[in-house]
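S.K.: Quick one, structure for this:
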Amino acid sequence: MDILERDATGQLAALQSGEITCEGLMASTLAQIEAVNTEINAVVSLRAREGLMAEARAADAVPLQQRGALHGLPFAVKDLAVLAGVVCSNGSPLFADDVPEEDETMVARLRAAGVIFVGKTNVPEFGLGSHSYNPVFGVTRNPYDPSRTAGGSSGGAAAALATRMVALADGSDMMGSLRNPAAYCNVYGFRPGWGVVPREPGGETCLQQLSTSGPMARSPRDLALMMSVIAAPNPLVPHNVPAQDWTMDPPESWQGLRVGWLGDWGGAYDMEPGILELCQEALQGSGGKIDTLDPPFSAEDLWESWTTLRHWAISSELGPLYEDAQTRDALKPAARWEIERGMALDISAINRATTLRSRWYETLAGLLQDYDALALPVAQVWPFPAEWDWPREINGKEMDTYHRWMEVVVPVSLAGVPAISLPVGFGNTGLPMGVQLFTANGRDLDLLNWAETWHRATNWPEKTKPHIQNG
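M.R.: Residues are numbered from 1 along each chain as shown. I've put the predicted structure just below:
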C-alpha cells in the first residue's frame with residue numbers, strides 16, 4: 001500500500017518500524033502536494049523543499065526512544081493558528097505579511113510531539129463562513145468536484161486530508177468549522193467539549209466560550225491520537241478540563257447504543273433534497289437503537305442566543321480593526337456586519353442570550369440522560385459552487401444572513417458539547433455528506449470510540465476516494 005494511503009497511525013507505525021524513513025515520507029508528501037494542490041488549493045504558505053527535507057533527515061537521526069507521538073509526520077496547520085516563521089494571514093490582506101516569531105500553545109504541543117510543519121491550510125477571512133475563500137490565497141475546492149466548495153472554515157484541512165496531502169490536520173469550530181468541511185470532503189472532524197482543548201491566552205478568553213480547536217483525520221483513531229497531544233490544561237487560561245486518557249477501546253458494534261435522531265428539527269432547518277434521507281438511512285443501518293425525536297427546544301430561541309453571543313464575541317476580537325478607519329474597509333462585509341451588530345448590543349440582549357443558552361444546556365443535559373448521543377445532519381445543503389460566497393436560498397427560501405444556511409450546527413456549538421462529523425456516503429450527484437453525532441460533556445472518548453466502530457463498519461474515506469488525489 002502507498003504510504004500516503006495509510007492514516008496517520010499507520011504512517012507513524014511505518015516510521016517506527018523502519019519500513020519508511022521520515023525523509024521518504026516527506027518526499028512522498030511533497031510530491032503529492034505538487035501533483036494535486038494546484039487544482040484544490042488546500043495547502044498555502046508551503047515551506048521550501050530544501051528546508052523540509054533537511055528537517056526530515058534530522059528527524060531520522062533521532063533515536064526511537066526519544067521520539068514523540070507524532071514524530072516525523074508532515075503537518076499543515078490551519079491559517080488561523082500561529083506557527084513561528086510562517087505567515088499567519090487569517091485569510092486577510094491586513095495580515096498577509098504577518099510572520100510570527102513564536103508558536104501558539106497548540107502548535108507548540110504539536111511541534112514537541114515531533115511533527116514537521118510543511119505550511120498552512122486555507123481558510124475564509126478570519127474563519128467567518130463555511131466556504132474557504134479569501135483575497136490572499138483564493139478558493140479551496142472540493143476534491144470530489146473541484147467546481148464545488150470544500151466547506152469551511154477548516155476547508156483547506158479537510159481537502160488536504162481527502163487528497164492525501166496530509167494524514168492528520170487541525171481545525172477550529174465556532175459554527176461547524178470542523179464538522180461542515182469534514183462532511184463535504186468525506187473525512188472526520190471532531191469538535192471536543194468546550195475547554196478540553198484550551199483556547200489561546202488572550203484578552204477574550206473569559207468572554208469567548210463559543211469556539212474550540214480540534215483534530216481532523218481520515219479515521220477516528222487518528223483523532224484520538226492528536227487529542228492525546230493537544231488536549232491538556234493550560235494554566236494561563238480559565239475553564240480548563242482536566243487531562244484525559246485518550247486510549248481507545250471501541251465496541252464491537254453499536255448494539256445497545258441509544259441515539260436520538262433530530263432530523264430537520266421539526267421542519268425548522270430547511271434541507272436540500274436527499275440529505276435527510278441519506279443521514280437517516282445511514283443511522284438506521286448502524287445497529288444502534290435510533291429513535292426519531294420531536295424538537296426539544298425552540299429553533300428561533302437557539303438562533304437568537306447564538307447570533308447575539310457570536311456578534312458579541314466577534315466584535316470583541318475584531319473590533320479594533322473596525323474602529324481604525326485604515327483597516328475597516330479591508331474587512332469583508334460579513335465581518336463588518338458581525339462587528340456592527342455586536343457593538344449595538346445592550347446588556348439586556350446579552351443577558352437574554354445567556355439565559356436562553358443556559359436553558360438549552362439544561363434541556364440537552366436532561367435529554368442525554370435518556371440517550372447516549374443525539375444526531376443531526378452536518379449540513380443543510382450539498383457542497384455548492386465554489387464561485388459563490390454563500391448559498392442565498394434553500395428550496396426557494398431566502399437565507400436572511402450569510403450563515404443562516406449553517407443553522408443546523410448551532411445546537412451543538414451553543415451547548416459546547418463534544419460532536420463528531422461521521423461520513424455517511426454520497427448523494428445522487430456524487431458529493432459527500434455527514435451526520436453530526438454529539439453527546440454529553442465528559443464523554444469525548446466515548447464519542448471517538450463509537451465513531452471508530454462506525455468507521456470500521458463503513459470506512460467511507462477509504463471506500464470512496466476523490467479522483468483528484470492522483471493528479
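S.K.: Run the chain-centre distance for the lowest-mean-pLDDT helix or strand in the chain.
M.R.: In the chain, no helix or strand scores lower on mean pLDDT, DSSP states H and E than helix 325-328, which sits at a mean of 94. How far helix 325-328 lies from its chain's middle: 30 Å, per Cα atoms, centre = their mean, to the nearest Å.
S.K.: Now do that helix: which elements does it pack against?
M.R.: With contacts taken as 3 or more Cβ pairs under 8 Å, 6 or more residues apart in numbering; DSSP states H and E, helix 325-328 sits against helix 299-323. C-beta coordinates here come from the backbone N, C-alpha and C atoms, glycine included.
S.K.: Next, the buried residues of the helix it packs on.
M.R.: Neighbour counts using 16 or more other Cβ atoms under 10 Å place 299, 301-303, 305-318, 321-322 of helix 299-323 among the buried residues.
S.K.: hmm, back to that, got the angle for the following helix or strand past the least confident helix or strand of the chain vs helix 299-323?
M.R.: Downstream of helix 325-328, the first helix or strand assigned by DSSP states H and E is helix 333-343. Relative orientation of helix 333-343 versus helix 299-323 (axes from the mean of the first three to the mean of the last three Cα atoms, to 10 degrees): 100 degrees.
S.K.: Output helix 333-343 as CSV - backbone C-alpha positions only.
M.R.: Output in CSV follows, covering the C-alpha atoms of helix 333-343 (Å, rounded to 0.1, in the frame of the first residue of the first chain):
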residue,chain,number,x,y,z
PRO,A,333,-18.9,42.6,4.6
ALA,A,334,-19.7,39.7,6.8
ALA,A,335,-17.0,40.7,9.3
ARG,A,336,-18.2,44.3,9.4
TRP,A,337,-21.8,43.2,9.8
GLU,A,338,-20.9,40.9,12.8
ILE,A,339,-18.9,43.7,14.4
GLU,A,340,-21.6,46.4,14.0
ARG,A,341,-24.2,44.0,15.4
GLY,A,342,-22.0,43.3,18.3
MET,A,343,-21.3,46.9,19.1
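S.K.: Now do the contacts for the spatially most central residue of the chain.
M.R.: Nearest to the mean C-alpha position of the chain, by Cα atoms, centre = their mean, lies Leu178 at 1.5 Å. Going by Cβ atoms under 8 Å, 6 or more residues apart in numbering, Leu178 touches 154, 171-172, 189-191, 214, 216, 421.
S.K.: what's the answer for Val139, then?
M.R.: 41, 132-133, 149, 386-387.
S.K.: redo that, cut-off 6 Å
M.R.: The neighbours of Val139, taking Cβ atoms under 6 Å, 6 or more residues apart in numbering as the test, are 133, 386.
S.K.: Now do the same for it: its pLDDT.
M.R.: Val139 is assigned 98 on the pLDDT scale.
S.K.: Could you find the closest non-adjacent residue to Gly176?
M.R.: Val409 (3.4 Å; Cβ to Cβ, 6 or more residues apart in numbering).
S.K.: again, but for Ser305
M.R.: Leu356 (3.8 Å).
S.K.: Show me what the helix or strand hosting the one you found is packed against.
M.R.: Using DSSP H and E, Leu356 falls within helix 347-370. The criterion is 3 or more Cβ pairs under 6 Å, 6 or more residues apart in numbering; DSSP states H and E, and the helices and strands that helix 347-370 contacts are helix 299-323, helix 410-415.
S.K.: can you tell which of those is closest to Gly266?
M.R.: helix 299-323 (7.8 Å; Cβ to Cβ).
S.K.: where in the protein is pLDDT low?
M.R.: 1, 203-207, 469-471 (pLDDT under 70).
S.K.: go with 50
M.R.: 471 (pLDDT under 50).
S.K.: Please list the outside residues in contact with the helix or strand where Val77 lies.
M.R.: Assigned by DSSP H and E, Val77 falls within strand 74-78. With Cβ under 6 Å, 6+ apart as the test, strand 74-78 has contacts from 26, 29, 43, 83, 107, 115-121, 154, 157, 166, 170-171.
S.K.: correct me, but Cys279 touches Val435?
M.R.: Yes - using Cβ atoms under 6 Å, Cys279 makes contact with Val435 at a distance of 4.4 Å.
S.K.: Overlap of the contact sets of these two?
M.R.: With Cβ under 6 Å, 6+ apart as the test, Cys279 and Val435 both reach Val424.
S.K.: Is Gly214 in a helix, a strand, or coil?
M.R.: Following DSSP: H, G, I helix; E, B strand; the rest coil, the label given to Gly214 is strand.
S.K.: For it, list each beta-bridge partner.
M.R.: Gly171 (DSSP bridges).
S.K.: can you count the residues close to it?
M.R.: 30 (other Cβ atoms under 10 Å).
S.K.: That one: what's it in contact with?
M.R.: Contacts of Gly214 (Cβ under 6 Å, 6+ apart): 178, 190-192.
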